[in-house]
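>>> attaching a predicted model along with its sequence, questions to come.
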Amino acid sequence: MGGITGSRVGASGACSAGWGSVGRDVGLVETAPAAVLLLDSWVPHIDISKAGNGHPPRDGWDIHFKVDASIKDGEDGIGALQCDVDDEIAVVLLQFFKGVSVLKAELLAIHSAMNFASQAGYVVVLIESYSACKELPYAWGLIQFFYECLSLFSKFVCCSVVFVPRSKNSVANSLARCARVLRCCKRTILREVGPLVTTT
């Protein structure tokens, strides 16, 4: 991670048994020109491919997620919803944190979907987010976590993270609110959490 240095501070994630590195400490880092270039290249759309002529079509995703974050009074929830499949099998990822910024919460939501896709062996991934990630170049304290996200991208043939309007992301928003209100860390299916979402 040439040129990037800094001390580590404890993240305040409330889940001790999350998945992947979502709950790990996040370092405060100094900026470097290479980091600026990487950040600028990531905003607002990511499409990283290491495939050649055999690259699958853009609508041929192995898995498709919508993600969001919900923040209120220092408590944060993130929700990720698998799309384009029946409620009986649609994966839902919920996590609860304390004291993270809006931007970090949104990155955590994206990271959770990427991490699930990587662990499950999917290689062509679409993630839609109503996100403030365009602000990332000014949030230098998140660069190390951003690099963790980039390292996950290398595991995919193609991974796109794209902006979706809030009006088209209501279910993911409700899931994130549910995770925050119920302080819930859970991987489940949509059918199991549907009633909870409608009451929170």
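Looks like it arrived, so ask away. Bear in mind the structure is a predicted one, so any value in this text is a computation, not a measurement. Numbers count the residues shown, from 1 in each chain.
>>> C-alpha from now on. contacts and neighbour counts both.
Will do.
>>> for stretch 189-197, give the mean pLDDT please.
Across stretch 189-197, pLDDT averages out at 77.
>>> strand partners (parallel or antiparallel) of whichever strand in the chain runs longest?
For the chain, the strand with the greatest residue count under DSSP state E is strand 63-72. Here strand 63-72 is paired, per DSSP bridges, with strand 75-82 (antiparallel), strand 124-129 (parallel).
>>> out of the ones you listed, which comes closest to Ala176?
strand 75-82 (4.1 Å; CA to CA).
>>> and the longest helix seen in the chain, what's buried?
Longest helix of the chain, by residue count under DSSP state H: helix 102-120. Neighbour counts over helix 102-120 (16 or more other CA atoms under 10 Å) mark 102-118 as buried.
>>> quick one: it to strand 124-129, angle?
Computed by axes from the mean of the first three to the mean of the last three CA atoms, to 10 degrees, the angle separating helix 102-120 from strand 124-129 equals 160 degrees.
>>> so which residues of this structure form helices?
33-42, 102-120, 143-153, 170-181, 190-199.
>>> nearest to Leu94, out of the ones you listed?
helix 170-181 (5.5 Å).
>>> got the contact list for the closest one?
Residues outside helix 170-181 that contact it (CA atoms under 8 Å, 6 or more residues apart in numbering) are 66-71, 75-81, 94-97, 184-185, 196-198, 200.
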